[in-house]
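*Asks:* Next input, structure requested:
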Amino acid sequence: MGISTSNATTLKVLHYNIKELDSQKIKQNDAQLAFVQKILNKKSIDILSLNEIQYDQENIPDSSYKTNGRNIEKLRKLFNLPHLTSISFHPANTGENAKTKEDGTYFINPNSPQAREYADQLNFGTMPGQYSTAGLFRYKVIKEKIIKDLSWKSFNPTADFSKFKMANGDPFPDDMKLFDKNFSDISLDVEGKVVHIILLHTVPSYHFGNKFSINMYRNAEQLKFLEWYLTGNTDRKIQLKDITPLKKTDSFIAMGDFNVDVKDSNALGGIVLQRLFGKLKPWIPIKKMSFTNSGSTFNPNNNKLLLDYIITSKNIKVIHGEIMHPDFEWTDLGCATQADNDNKIQDKKSKDYIKVDYQNNNQTCYAYILKDYYYYIKASDHYPLYGEFEIK
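*Replies:* Predicted coordinates:
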């Protein structure tokens with residue numbers, strides 16, 4: 001548990017974006033879950049942030065699904081985390097405008113070409129509750145503030161959507177929401193001290209082939225809301241009727257997939273993150289941040305992206321922080337035949353290595369990698385973030 005002294009408590013925090021963990025995978029105890037458990041069990045955890053968990057709802061994706069909001073409790077058992085007794089789990093906006101097929105069911109695979117015309121054009125996703133955020137905590141939840149329905153123009157009355165178009169060519173409505181998912185502020189009682197846990201999974205700062213995409217602009221605006229909520233200011237004056245930022249004396253740990261590289265000064269969201277990190281404290285120095293996403297295949301030439309972050313208030317001391325990477329040892333066997341190369345790599349045929357295939361220039365190629373590398377890739381296309389923080 002969190003380590004307590006007479007005047008301080010050390011919290012062990014882990015954030016993990018688990019790729020497309022939908023209700024079907026959870027119901028069927030998909031093999032992916034076992035790999036995630038192996039990763040999570042590497043650390044002792046007091047606070048766990050999870051992205052891309054489907055918020056289960058009755059009849060979604062089909063009539064065989066009967067539960068509402070129980071997926072995170074199922075995952076807590078599957079991941080063997082009984083000590084994390086408190087939960088925060090709410091449906092994302094993602095997929096709320098998705099359409100059903102003629103038989104009344106939803107497309108499960110958001111990457112299916114057939115699913116695109118049925119997808120939510122505003123918030124992505126092919127079924128309601130997709131890509132929701134969950135929190136599991138050792139400590140009691142005192143209060144939750146979930147911001148889901150805030151209109152974008154309430155946050156920024158000057159926002160102009162006229163030069164953007166949805167993937168199907170339609171214009172964006174003036175009443176569209178700021179968040180494609182939601183924004184969570186969960187207040188925990190940590191040994192008598194209130195600590196705000198801020199969870200956010202922003203829209204990707206990427207166009208996905210739509211040259212009129214609003215994503216990059218929306219990503220930056222969502223991060224400006226985060227900046228304002230945590231520090232009280234951003235690059236413009238914000239006035240909201242029912243939402244106020246945290247106080248300067250508040251303690252908080254904010255985390256999530258912010259979907260833009262803080263080092264990218266050409267990205268609108270990257271500029272916002274640079275400004276925010278200048279005001280606060282990242283869990284590791286920016287210069288030491290490498291990447292948190294390298295795709296879900298074993299090809300070492302995949303694009304490597306920095307997308308996930310943890311940041312804290314100045315009154316919280318960072319004890320330790322790391323991006324949990326596997327050892328990327330890679331012994332290539334080539335793309336011709338897998339059998340001929342096997343005899344040349346006898347030392348890799350041990351319990352610590354596994355042979356995998358990957359695509360390169362439309363060819364199937366082979367390599368030996370460490371099993372730990374295999375587990376990470378099978379668990380998700382993102383890597384977990386871990387930090388230890390002292391609360392005085």
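*Asks:* Would you mind listing the buried residues in stretch 174-188?
*Replies:* Within stretch 174-188, the residues scored as buried using 16 or more other C-beta atoms under 10 Å are 176-188. (Each C-beta comes from the backbone N, C-alpha and C, glycine too.)
*Asks:* For Asp30, state which of those is nearest.
*Replies:* Nearest to Asp30 among those: Lys181, at 22.1 Å, using C-beta to C-beta.
*Asks:* From His83, how far out is Arg76?
*Replies:* 10 Å (C-beta to C-beta, to the nearest Å).
*Asks:* Just want to know which of these two has more residues nearby.
*Replies:* Under the criterion of other C-beta atoms under 10 Å, the comparison of Arg76 against His83 puts Arg76 first, with 18 against 13.
*Asks:* Just name the shakiest helix or strand of this structure by mean pLDDT.
*Replies:* For the chain, using mean pLDDT, DSSP states H and E, the weakest element among its helices and strands is helix 338-342, scoring a mean of 58.
*Asks:* Quick check: which ranges of the stretch 201-350 of the chain have low pLDDT?
*Replies:* Scanning the stretch 201-350 of the chain for pLDDT under 70 picks out 337-349.
*Asks:* can you give me the helices for it?
*Replies:* Under the criterion DSSP state H, counting those that start in this stretch, the stretch 201-350 of the chain contains helices at 215-231, 268-279, 338-342.
*Asks:* elements contacting the longest one?
*Replies:* Spelled out, it's helix 215-231. helix 152-155, strand 183-190, strand 193-200, strand 251-257, helix 268-279 (3 or more C-beta pairs under 8 Å, 6 or more residues apart in numbering; DSSP states H and E).
*Asks:* Give me the helices and strands touching the first one, please.
*Replies:* Helix 152-155 sits against helix 215-231, with contacts defined as 3+ C-beta pairs under 8 Å, 6+ apart.
*Asks:* which residues touch Leu240?
*Replies:* Leu150, Ser154, Phe155 (C-beta atoms under 8 Å, 6 or more residues apart in numbering).
*Asks:* now do 7 Å
*Replies:* Contacts here follow C-beta atoms under 7 Å, 6 or more residues apart in numbering; on that basis Leu240 touches Ser154, Phe155.
*Asks:* Distance check, it against Thr85.
*Replies:* The value you get for Leu240 to Thr85, if C-beta to C-beta is used, is 33 Å.
*Asks:* For the nearest residue to Leu276 once chain neighbours are set aside, grab the count of nearby residues.
*Replies:* For Leu276, ignoring the flanking residues on the chain, the nearest one in space by C-beta to C-beta, 6 or more residues apart in numbering is Glu227 at 4.6 Å. Using other C-beta under 10 Å, Glu227 is surrounded by 22 other residues.
*Asks:* ok, now the one 4 residues further on?
*Replies:* Other residues near Thr231 come to 16 when the count uses other C-beta under 10 Å.
*Asks:* Hmm, it is touching Phe277, no?
*Replies:* No - the pair Thr231 / Phe277 is not scored as a contact, 11.0 Å apart, by C-beta atoms under 7 Å.
*Asks:* can you tell me the helix or strand for Tyr375?
*Replies:* Assigned by DSSP states H and E, Tyr375 belongs to helix 371-379.
*Asks:* which helices and strands sit right next to that helix?
*Replies:* If you count contacts as 3 or more C-beta pairs under 7 Å, 6 or more residues apart in numbering; DSSP states H and E, helix 371-379 packs onto helix 31-40, strand 353-360.
*Asks:* got the angle for the next helix or strand after the longest one vs helix 31-40?
*Replies:* Think helix 31-40. Next along the chain after helix 31-40, taking DSSP H and E as the criterion, comes strand 47-53. If you take axes from the mean of the first three to the mean of the last three C-alpha atoms, to 10 degrees, strand 47-53 sits at 160 degrees to helix 31-40.
*Asks:* For strand 47-53, which strands pair with it and how are they oriented?
*Replies:* strand 9-21 (parallel), strand 132-137 (antiparallel) (DSSP bridges).
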